[in-house]
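Colleague: I would like the atomic coordinates for the input below:
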Amino acid sequence: METSDAIIDAGDRLMSVMREYWGYDAFLPLQEEAMRSAMGGRDSLVVLPTGGGKSLCYQVPALCLDGMAVVVSPLISLMKDQVDALRACGVAAAFINSSLTASEKWNVADDIRGQRLKLLYVAPERLSLPGLLDLLESATVSFFAIDEAHCVSMWGHDFRPDYRKLNLLRERFHGTAIHGYTATATEQVRDDVVRQLGLREPEVLVGSFDRPNLTYRVERRDSLLAQIAGVLERHPDESGIVYCITRKEVDSIAASLTGGGYSALPYHAGMSDEARKANQEAFIEDRCRIIVATVAFGMGIDKSDVRYVVHAGLPKSLENYQQESGRGGRDGLEAECCLFYSGADFKTWEFIVNRSDGSPAFKQAQMASLRQVMDYCDAAACRHRLLVQHFGQDLGADCGEACDICLGEFDEVEEPLVVAQKILSSVYRQGEKFGADYTAKVLKGSREQRVIENGHDRLTTHGLLQEESRRAILDWIGQLVQQGFLSSVATDDAGKYNVLKLTQDGWRLLRGEVLPRLLKPATDASSRSQPKRHDPHSWEGVDRELFEVLRSLRTEKANDLGLPPYMVFGDASLRDMARRRPTGADGFLKVHGVGQKKCDDYATEFTTLIAEYCGEHELETDVDPPSATPLSAPKDASRLTRPAGPNESALRAIELFDQGRTVEEVAETMGRALSTTRGYFHEYLRHRRITDPVRWVDAVQIARIEEAIAAVGPKPLKPIREHLGGEVDYDPIHIVAICWQNRHRDDNADATVADHVSHQPE
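Modeller: I've put the predicted structure just below:
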């Protein structure tokens, strides 16, 4: 067991190495804990979001420990990028894979025998070769790091059989610690990884799955190319990825974008290896701004400055979406993630799944994952909250201004009950034998042959929503399914055909006993004309023109060295340079992401350029900004609590509530969605410590709700509502629960103070 002095010493060493080689002055959430596991020789499984600094969790300890760390990595391109980036920071690293010549492999083996390496990257299939294992046994291996560890599990979204064989490491290297690292793993996957790798009493560290620097938007697909172009226009001259389901879509969209004057290239498994490699390198090296790809693209990409990720169709699962969208903003700066979908995407994936290998149970699990994605798309709730809930976490509050719902890009339907009753009535009158697309046609008043043959043109619901767009009707059907008023039921074992049926809550809705929440795109689309910056500090104090000048110098240096530009400096470093404007080596070392090696290599040229620019434009140099880092750090799952106080928008709303305004009035005044404003109202109740809800909830309801709270507790809210027989809506329950907590928090605080005073020595 480590002594306290040893623990302090380990922390100092880790920070010293991180500052010297990478130029970072602070740990991101759970990084230090993960590094300490490696330093202490304890097995671990570390789950951190993309951009959460997983690589440093094993790279930094590798430099602090004797011997060489062995990193198992799934893709050749990923190994090369990691090793190139390490060498650029002055770290002795190498890789062994099929891309090396025989003489190159001998050179690496010689470096291993000579103990000249600190990190060695290998592919999982290489570890099945006795020769490499014998070589590693003759060396001093400090630990094994399994990158993309979810590939070990058959329940993971990128299962790879070669990863399943890695348990041989435990057999051959019994006393050497093994650490797994991944960005996306549900509890089931985590348990499977621990079991398959033979981890011994591992420390399992799970960070928040939330990526607060990402702005999520979801739209039903309409004019796809125009929708994609809208995203590209918000990000001129910035790098982005467009994901498609099929190769045909990739080729078509890439050609259309190129024809429209955009710098775009395709990437999919149907292309030759040479063409794929050339297009990938063009994207990484900023010679191409947009890569249009199937999901075959991405795992091996370490590009940090992707500013937008577009899905031109449904992702295969929420795990896939978390990882694919997470390729935006890996540098911690803002990025936009847009998903354009339709019901046809479900059928496309269905066809692909049914043609694939795999057991019926595995295929059913894949179809269930697709239905979860559809639920996410149709939900009228905070996108960030929905994603982290899928992984068993909770934000504690909606994101505020980092998704389309919370940004107010949707309006509440004026008469949601009437609209919902029309939809449910049509489903019932159609005999509950048809799906969403057909139901939308009936409500729209379609006279296509199938509708007429079924006699549904004579239904009283035919054309009831003819003034609405088919897209809006489909959205509302999806929202009603997501809220539990309708169910989409498979009519065959493969889940190929689904029909809509009314649920018990649906019948209650028809009777007017409950109120649904239906959203439609905001009539004022101007809110999407500019990207929302979730982290306003990322550009604070930055001279934009100097940033562009530095970006040009970065590209020039990268071309000279044959490196991707982000390996020279990431955008976060360039922004910090344009903020600090250093003119000497000492100031340059203070820049985020500048370690000693990069300072030695680049300080002279970059500081000379900065000094010249500042002289021409009469700008102050060697600025010491108040913020320590421009990055928006992901939250630590072990500290998933409410923020210390309301944000700026919430404080403005609190002032309005203090004036006696209603939620509806505040929503109109601030131009926010009702859902967002209700969140501000709940902040108001907590912030002002309101203990009496009688102003908003009638006394009889208060008494019933408080009786339920006494029986089941103040949270979560669902058990309270169930205790009340589902007869009380969530809104009054939420208000009363907050007031109850405020009252008891004050009581507990008084009791704690009294207890503390009573035990003080006289």
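Colleague: From here on, just use CA atoms for contacts and neighbour counts.
Modeller: Fine.
Colleague: What is the burial count for residue 521?
Modeller: Neighbours of residue 521 under the rule other CA atoms under 10 Å: 17.
Colleague: pLDDT score for the closest residue to it other than its chain neighbours?
Modeller: Distances taken as CA to CA, 6 or more residues apart in numbering place residue 410 nearest to residue 521, at 4.3 Å, with adjacent residues excluded. Model confidence at residue 410, given as pLDDT, is 85.
Colleague: what separates residue 410 from residue 682, distance-wise?
Modeller: 21 Å (CA to CA, to the nearest Å).
Colleague: cool, residue 334 as well?
Modeller: In terms of CA to CA, residue 334 sits 27 Å off from residue 682.
Colleague: Show the low-confidence segments of the stretch 551-700 of the chain, by residue range.
Modeller: 626-650, 672-676, 679 (pLDDT under 70).
Colleague: what residues are up against residue 162?
Modeller: 124-125 (CA atoms under 8 Å, 6 or more residues apart in numbering).
Colleague: Quick check: which element contains it?
Modeller: helix 161-164 (DSSP states H and E).
Colleague: more crowded one of residue 334 and residue 682?
Modeller: Remark: of residue 334 and residue 682, residue 334 carries more neighbours, 28 against 19, as counted by other CA under 10 Å.
Colleague: Look up how far residue 574 lies from that one.
Modeller: Taking CA to CA, one finds residue 334 at 15 Å from residue 574.
Colleague: What number of residues are in the vicinity of the closest residue to residue 317 other than its chain neighbours?
Modeller: Of all residues not flanking residue 317 in the chain, residue 369 sits nearest, at 5.0 Å (CA to CA, 6+ apart). Look at residue 369: counted by other CA under 10 Å, it has 18 neighbours.
Colleague: quick one: which helix or strand includes residue 369?
Modeller: helix 360-378.
Colleague: Dump stretch 560-578 to CSV, restricted to CA.
Modeller: Presented in CSV, the C-alpha positions along stretch 560-578 are these (Å, rounded to 0.1, in the frame of the first residue of the first chain):
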residue,chain,number,x,y,z
ASP,A,560,7.7,20.5,-44.1
LEU,A,561,7.7,17.7,-41.5
GLY,A,562,5.2,15.4,-43.3
LEU,A,563,2.9,15.6,-40.2
PRO,A,564,-0.8,16.3,-39.9
PRO,A,565,-1.3,20.0,-38.8
TYR,A,566,-3.0,19.0,-35.5
MET,A,567,0.2,17.1,-34.5
VAL,A,568,2.2,20.4,-34.7
PHE,A,569,-0.4,22.2,-32.6
GLY,A,570,-4.1,21.8,-32.0
ASP,A,571,-6.6,24.5,-32.5
ALA,A,572,-6.8,25.0,-28.7
SER,A,573,-3.1,25.8,-28.7
LEU,A,574,-3.3,28.2,-31.5
ARG,A,575,-6.2,30.0,-29.9
ASP,A,576,-4.2,30.3,-26.7
MET,A,577,-1.3,31.7,-28.6
ALA,A,578,-3.5,34.3,-30.2
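Colleague: Give me the distance from that stretch to the chain's centre.
Modeller: What separates the centre of stretch 560-578 from the centre of its chain is 24 Å, taken as CA atoms, centre = their mean, to the nearest Å.
Colleague: now swap in stretch 25-41 and tell me
Modeller: How far stretch 25-41 lies from its chain's middle: 22 Å, per CA atoms, centre = their mean.
Colleague: what does it rub up against?
Modeller: 2, 10-11, 14-15, 18-19, 43-44, 46, 52-54, 56-58, 60-61, 64-65, 143, 176-177, 179, 203, 205, 207, 592, 633-636.
Colleague: Straight-line length of it, end to end?
Modeller: Criterion CA to CA; first-to-last residue distance in stretch 25-41 is 25 Å.
Colleague: Identify each buried residue in that stretch, please.
Modeller: 25, 27-39 (16 or more other CA atoms under 10 Å).
Colleague: for it, what is the average pLDDT?
Modeller: Stretch 25-41 comes out at a mean pLDDT of 91.
Colleague: buried stuff in stretch 245-264?
Modeller: Quick answer for stretch 245-264 (16+ other CA under 10 Å): 245-247, 249-251, 253-255, 257, 262-264.
Colleague: Closest to residue 393 out of those residues?
Modeller: residue 245 (28.6 Å; CA to CA).
Colleague: Local confidence estimate at that closest one?
Modeller: So, for residue 245, pLDDT stands at 92.
Colleague: Is it correct that it falls within a strand?
Modeller: No - counting by DSSP: H, G, I helix; E, B strand; the rest coil, residue 245 is not found in a strand; it is coil.
Colleague: Look up how far residue 220 lies from it.
Modeller: Distance from residue 245 to residue 220, by CA to CA: 16 Å.
Colleague: go on, residue 622?
Modeller: Taken as CA to CA, the span from residue 622 to residue 220 is 49 Å.
Colleague: got it, and residue 739?
Modeller: 39 Å.
Colleague: any idea of the mean pLDDT for the helix or strand residue 60 falls within?
Modeller: Here residue 60, judged by DSSP H and E, is contained in helix 54-64. Mean per-residue pLDDT for helix 54-64: 94.
Colleague: Check which element follows that helix along the chain.
Modeller: strand 68-72.
Colleague: Contacts for whatever helix or strand residue 255 lives in, please.
Modeller: According to DSSP H and E, residue 255 maps onto helix 247-259. With CA under 8 Å, 6+ apart as the contact definition, helix 247-259 has outside contacts at 225, 243-244, 263-270, 291-294.
Colleague: Give me the lowest-pLDDT entry from the residues you listed.
Modeller: By pLDDT, residue 269 ranks lowest within those, coming in at 86.
Colleague: Report how many residues lie close to it.
Modeller: Around residue 269 there are 13 residues (other CA under 10 Å).
Colleague: now do the one 10 residues further on
Modeller: For residue 279, the number of neighbouring residues by other CA under 10 Å comes to 19.
Colleague: how about the closest residue to it other than its chain neighbours, what does it touch?
Modeller: Nearest residue to residue 279, sequence neighbours excluded (CA to CA, 6+ apart): residue 265, at 6.3 Å. By CA under 8 Å, 6+ apart, the residues touching residue 265 are 254, 258, 279, 288, 290-292.
Colleague: Quick check: phi and psi at residue 502.
Modeller: Taking degrees, to the nearest 10, you get phi -80, psi 140 for the backbone angles of residue 502.
Colleague: residues in contact with it?
Modeller: Contacts of residue 502 (CA under 8 Å, 6+ apart): 424, 427-428, 432, 485-487.
Colleague: one more time with 6 Å
Modeller: Going by CA atoms under 6 Å, 6 or more residues apart in numbering, residue 502 touches residue 486.
Colleague: which stretches of the stretch 301-450 of the chain have low pLDDT?
Modeller: Using pLDDT under 70, the stretch 301-450 of the chain drops low at 301.
Colleague: Mind jotting down where the helices sit in it?
Modeller: Remark: helices assigned in the stretch 301-450 of the chain by DSSP state H, counting those that start in this stretch are 318-325, 343-355, 360-378, 383-390, 416-429, 436-444, 449-453.
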